[in-house]
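Participant: here is my input; please provide its structure:
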Amino acid sequence: MAALRRGAAFLSFFRSSHRVLLGTRKPLKPRIWTNILRSGVSSVAVGGAALCAVPFRQAENLSHDSLIRRAASLVTDSSSTFLSQTTLAVIDAVTEYSKAVHTLIALHRQYLTSLGKLSPAEEDSVWQVIISQRTEVDDRQGEWKRFESSWLTALKLCEVAAEAAYASGAEHASVTARTNIQVAQTQVEAAQKISLDAEKKLAEAKVMEVERMAQYAASGSEDEDVPEAYLRED
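Facilitator: Now for the predicted structure:
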C-alpha cells in the first residue's frame with residue numbers, strides 16, 4: 001500500500017508539473033512576439049520622432065512674381081558689378097592723366113628756370129622731352145574718356161535695373177543698386193576734381209610761360225632763339 005501511495009503521489013506530481021510546463025510554454029510565443037512588436041513599434045516611434053525633429057525646408061513658391069523678383073535681383077547684381085569695374089577704370093585713368101599733367105607742368109617750369117642757360121642742343125633735348133610728355137597727356141586723356149563712356153553706360157544700366165527691381169517688388173535689391181550708384185558718382189566726381197585742378201595748374205603754367213618768353217624776347221633775344229617747338233605749342 002505504501003508503494004502504491006508513493007506511485008500515485010509521483011504520478012500526481014508528474015501530471016501537475018506537466019500541466020504547469022504546458023501552461024507556461026504556450027504563452028511564451030505571444031509574449032515573445034508581443035515584445036518584438038512592441039520593440040518594433042517603439043523603434044518606429046523613435047525613428048518617426050527623429051524624422052519629425054528634422055527641420056525640412058519647404059520649397060519656395062515659384063510663382064511668376066517670385067521668379068521676376070529673383071531675375072530683377074540678378075540684374076541689379078550684374079549691373080552693379082559692371083558699374084564698380086568701370087568706376088575703378090575711370091578713377092585709375094583720371095589718376096594717371098593727372099600725374100601726366102603734373103609731370104608736364106614740372107617740365108615747363110624746369111624749362112623756364114633754365115631759359116637762356118642751355119645750349120641749343122640741350123634746349124632741343126628738353127623740348128623733345130616736353131613734346132613726348134604732351135603726347136603722354138593726350139593718350140592718358142583719351143583713355144580716360146574711353147573708360148568714362150563705359151562708366152556712363154554702366155550708370156544708366158544700373159539706374160534702369162534699380163527701377164525694374166523696385167517695380168517688381170525687390171526693394172532691397174533696388175536700394176542696394178541706388179546706393180552703389182551714389183558711391184560711384186561720388187568717387188568719380190572726386191577724381192574729376194583732381195584732374196580739373198591739374199588742368200587749371202597747367203593752364204596757369206602756360207600763361208606764365210608765355211609771359212616769361214615775352215620777357216626773354218624783349219630782353220634783346222632774336223626770334224630765332226625762341227624754340228620752334230614752343231611756337232608750335234598751341
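Participant: so, low pLDDT: which residues of this structure?
Facilitator: Under the criterion of pLDDT under 70, the regions of the chain flagged as low confidence span 1-61, 220-234.
Participant: if you set the cut-off to 90 instead, what comes out?
Facilitator: The model of the chain has pLDDT under 90 over residues 1-63, 65, 108-127, 202-234.
Participant: do a quick rundown of the helices in this structure.
Facilitator: Secondary structure of the chain, counting by DSSP state H: helices at 2-25, 28-53, 64-113, 120-168, 171-218, 228-231.
Participant: kindly reformat those helices as a markdown table containing mean neighbour count.
Facilitator: For every residue, glycine as well, the C-beta is placed using N, CA and C. Below are those laid out as a markdown table (neighbours: other C-beta atoms under 10 Å):
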| stretch | mean neighbour count |
| --- | --- |
| helix 2-25 | 9 |
| helix 28-53 | 10 |
| helix 64-113 | 18 |
| helix 120-168 | 16 |
| helix 171-218 | 15 |
| helix 228-231 | 12 |
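Participant: just the CA trace of stretch 84-97, in PDB.
Facilitator: What follows is the C-alpha trace of stretch 84-97 in PDB, where atoms were taken according to Å, rounded to 0.1, in the frame of the first residue of the first chain:
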ATOM      1  CA  SER A  84      32.100  99.100 -60.000                       C
ATOM      2  CA  GLN A  85      34.500  97.800 -62.600                       C
ATOM      3  CA  THR A  86      34.100 100.800 -64.900                       C
ATOM      4  CA  THR A  87      34.300 103.100 -61.800                       C
ATOM      5  CA  LEU A  88      37.700 101.700 -60.900                       C
ATOM      6  CA  ALA A  89      38.800 102.000 -64.500                       C
ATOM      7  CA  VAL A  90      37.800 105.700 -64.700                       C
ATOM      8  CA  ILE A  91      39.400 106.500 -61.400                       C
ATOM      9  CA  ASP A  92      42.700 104.900 -62.400                       C
ATOM     10  CA  ALA A  93      42.600 106.600 -65.800                       C
ATOM     11  CA  VAL A  94      41.900 110.000 -64.300                       C
ATOM     12  CA  THR A  95      44.700 109.500 -61.800                       C
ATOM     13  CA  GLU A  96      47.200 108.600 -64.500                       C
ATOM     14  CA  TYR A  97      46.100 111.600 -66.500                       C
END
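Participant: great, nothing more from me.
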